Every structure is written in structure tokens, then in C-alpha cells.
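# can't give you the sequence, but here's the structure:
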């Protein structure tokens, strides 16, 4: 699985404006919906909020990967991934209690694609240099190039 195959310039937003966790979730659902693959953005939002109630998807090192708990076959036909960055960081109740600057949101039609995408993103984001470069990205094209480069490193 290649993350680059499921993200586009339409699903990338540099400079998220949300200041709270809920504002970021709403903004990221909107960015995800720009793909045209999401049949019901409100239901994706509800599924993501439900997942956040169980445990925050804010990890360490300024990264969060908000997502529904499982595949959403009635809402999304193809795995869809969005990226957003926040220059000021957001309290996302991350495991390390630090602000989050990098957000990837995903929605998948089935659990297998859902889990594979989460695993792939987690692996990609372990590299500090990659996270730093994502934070410095100025355009959606910059983000796409960084993702492709990182995937080549992992191949």
C-alpha cells in the first residue's frame, strides 16, 4: 500500500486554523471531503469523534492520525487520506501531552485497508526528519513530494 495513491493536493491543507481538538476534527473532515469520495461528511465526523472518546489519536512528537474506529463501507468507497498542518500546534490530548502540529485523517471502506493505512502512516512518521520536513512544507505539492520520497525510503 502506498499512501501517495490515496492522498491528493485537494486533501492537503497547510495552515489549519482550528485552535481546539473539535475544531481541528471538523476542519480535517472538510479537507477529507474535498476528495469527493466521502458520501456523508457528518457521519465521518461522528465516527471520528466516537473514536476520540475511546482514546486520543494524538501520538507523540506532534502527530495525530484521527480516524473512525473501523472501515466505513456505506460512507466511503475508496481509502481516502487527508493531511493538515498547524503552525501553532493544538492540544489534542496526545500521549506525550505535547501540542500536535501534523494531522493525517483517513477513512476506509473496510477494516483491512483501514489497518494497513494506519500501520503505514505510523511507520512513515517514526522518522524525525520526515516530521520536520512536513512541518516546513509550504504547499500541497511539497507534502506530496515528501510522502513519495519517504515511501521510496521504506520500499
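Great, that's in hand. The structure presented is a predicted model; accordingly, all values stated were derived computationally and were not measured.
# so where do the strands sit in the protein?
According to DSSP state E, the chain carries its strands in the segments 12-14, 63-64, 80-90, 100-107.
# So which residues make contact with the first one?
Same thing as strand 12-14. Contacts to strand 12-14, defined as Cβ atoms under 8 Å, 6 or more residues apart in numbering, come from residues 27, 31, 82-85, 137-140, 143-144. C-beta coordinates here come from the backbone N, C-alpha and C atoms, glycine included.
# can you check stretch 146-155 too?
Contact partners of stretch 146-155, identified using Cβ under 8 Å, 6+ apart, comprise 2-4, 7, 83, 123-124, 127, 130, 133-134, 137.
# cool, and stretch 70-82?
Contacts of stretch 70-82 (Cβ under 8 Å, 6+ apart): 3, 6-7, 11-13, 28, 31-32, 34-35, 37-40, 43-44, 47, 103-114, 117, 121.
# tell me how far the ends of that stretch are from each other?
17 Å (Cα to Cα, to the nearest Å).
# Now that stretch: buried residues?
By 16 or more other Cβ atoms under 10 Å, the buried positions in stretch 70-82 come out as 71-72, 75-76, 79-82.
# what's across from the residue most central in space within the chain in the sheet?
Centroid-nearest residue in the chain, with Cα atoms, centre = their mean: residue 104, separated by 1.2 Å. Taking DSSP bridges as the rule, residue 104 bridges to residue 83.
# Could you measure from it over to residue 74?
23 Å (Cβ to Cβ, to the nearest Å).
# what's the answer for residue 142, then?
Taking Cβ to Cβ as the measure, residue 142 falls 34 Å from residue 74.
# Could you do residue 93 as well?
29 Å.
# repeat for residue 7
22 Å.
# for residue 36, same thing?
With Cβ to Cβ as the criterion, residue 36 and residue 74 are 17 Å apart.
# Which pLDDT value belongs to residue 155?
Residue 155 is assigned 85 on the pLDDT scale.
# meant to ask about residue 30, not that
Value listed for residue 30 in the pLDDT field: 97.
# what sits against residue 6?
Applying Cβ under 8 Å, 6+ apart to residue 6 gives the contacts 78-81, 106, 117.
# Export the contacts of stretch 146-155 as JSON lines, with columns for distance to residue 52, neighbour count and pLDDT.
Supplementary listing: these in JSON lines, determined by distance: Cβ to Cβ, whole Å; neighbours: other Cβ atoms under 10 Å; pLDDT from 0 to 100:
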{"residue": "2", "distance to residue 52": "27", "neighbour count": "13", "pLDDT": "95"}
{"residue": "3", "distance to residue 52": "22", "neighbour count": "22", "pLDDT": "97"}
{"residue": "4", "distance to residue 52": "26", "neighbour count": "17", "pLDDT": "96"}
{"residue": "7", "distance to residue 52": "21", "neighbour count": "23", "pLDDT": "97"}
{"residue": "83", "distance to residue 52": "18", "neighbour count": "27", "pLDDT": "98"}
{"residue": "123", "distance to residue 52": "22", "neighbour count": "13", "pLDDT": "96"}
{"residue": "124", "distance to residue 52": "22", "neighbour count": "19", "pLDDT": "97"}
{"residue": "127", "distance to residue 52": "25", "neighbour count": "13", "pLDDT": "96"}
{"residue": "130", "distance to residue 52": "24", "neighbour count": "17", "pLDDT": "98"}
{"residue": "133", "distance to residue 52": "27", "neighbour count": "16", "pLDDT": "98"}
{"residue": "134", "distance to residue 52": "22", "neighbour count": "23", "pLDDT": "98"}
{"residue": "137", "distance to residue 52": "25", "neighbour count": "19", "pLDDT": "98"}
